[in-house]
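Participant: Fold the stuff below for me.
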Amino acid sequence: MINLDIELLRTLVAIAKHGTFASAAEAVCRTQSAITQQMQRLENLTHKAIFSKEGRNKTLTEHGELLLRYAQQILALHDECVRTLHSTDPAGIVRIGAPHDVADSIFPTVLAHVVRNLPRIKLEIQVDRSPVLMEALHRGELDLTISSRFDSELEGFVIRRSPTVWLASARYVHDPSKLIPLILADEPSLYRKIALTALEQAHATWQINYVAPNLSGIKAALHAGLGITARNIELISTDFRVLGTSEQLPPLPDVSYFLWMRRTPLHNHTRHVYDLLSQHMALHAATSTL
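Facilitator: Residues are numbered from 1 along each chain as shown. Prediction:
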């Protein structure tokens, strides 16, 4: 049985992340020759060619790509184990928010993972619109929040990418010859912007039939058959149906949902929760590629 060295796998991941042996050597504080020797050892251990030479550059072979995916998964588990063994079980209150449209999908999974792994953490939950949550985060009223808004001033990561679709009541009948009846959130709204931009680019004609301040109002208007709206797929249910090219509607872009952490001052237990979720997402991403 072959025993793979964790440090060799860590170097392989560093090379993939930084692009070259030289950049990886700088990142892990080793010489380039040491990096080369490590990869030669890894090839000797696996009895597979991990890199192939293309001009002056080295690229991963098919076996190298496969090993990289396993290495990412192994390191995620290894680092989580070490961190858990060498850290005290944190305690405290973490205030966490989520927008209405993922409160029944992404949010419960996040909460369950925190409670299962950090049982002494108490969670205070706020569900609201993304702009409201981001403002609360900047004011220090929340410690963490899921949001579809990007903010370069904050530390965060993508927790999910969701396709955006045109939604209508299951009983709604679309007539392409008429103005497109829209149901939209009031400003500021990412999905409002997505819908109007897509229609403008497609040179479509529309009218706004209903404006709502929250998701409950949008769903009520959809149920009433007042029009269509652009939302993420998490909103799909037996009450609604998805419209598309057959109704002559333009395609819509995916939306990224981030987990953001507020700026200092910051409690250690908030950092524990953030790191736990970050590690969990890294492991999930590595596993899902296999």
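
Participant: going forward, measure contacts between C-alpha atoms and count neighbours the same way
Facilitator: Will do.

Participant: what about the helices in the stretch 151-290 of the chain?
Facilitator: Under the criterion DSSP state H, counting those that start in this stretch, helices of the stretch 151-290 of the chain are mapped to 190-201, 215-223, 268-288.

Participant: name the helices or strands packed onto the shortest one?
Facilitator: Meaning helix 215-223. Counting contacts by 3 or more CA pairs under 8 Å, 6 or more residues apart in numbering; DSSP states H and E, helix 215-223 is packed against strand 164-169, strand 180-185, strand 206-212.

Participant: who wins for proximity to residue 120 among these?
Facilitator: For those, the distance to residue 120 is smallest for strand 164-169, at 36.8 Å, taking CA to CA.

Participant: now what about that closest one, what contacts it?
Facilitator: For strand 164-169, contacts defined as CA atoms under 8 Å, 6 or more residues apart in numbering pick out 222-225, 227-233, 236, 239-244, 249, 251-255.

Participant: now do 6 Å
Facilitator: Defining contact as CA atoms under 6 Å, 6 or more residues apart in numbering, one finds that strand 164-169 is touched by 222-223, 225, 228-232, 240-243, 252, 254.

Participant: Report the two members of those residues separated by the largest distance.
Facilitator: 225 and 254 (24.9 Å).

Participant: one step back: just the buried ones out of the contacts of strand 164-169, please.
Facilitator: Among the contacts of strand 164-169, the ones that count as buried by 16 or more other CA atoms under 10 Å are 222-223, 225, 228-232, 240-243, 252.

Participant: hmm, back to that, quick one: the helices and strands packed on helix 215-223 as JSON lines, columns for distance to residue 23 and mean pLDDT too.
Facilitator: Below are the helices and strands packed on helix 215-223 laid out as JSON lines (distance: least, CA to CA, whole Å; pLDDT from 0 to 100):
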{"stretch": "strand 164-169", "distance to residue 23": "38", "mean pLDDT": "93"}
{"stretch": "strand 180-185", "distance to residue 23": "47", "mean pLDDT": "93"}
{"stretch": "strand 206-212", "distance to residue 23": "51", "mean pLDDT": "91"}
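
Participant: Ok, which of these comes nearest residue 199?
Facilitator: strand 206-212 (8.0 Å).
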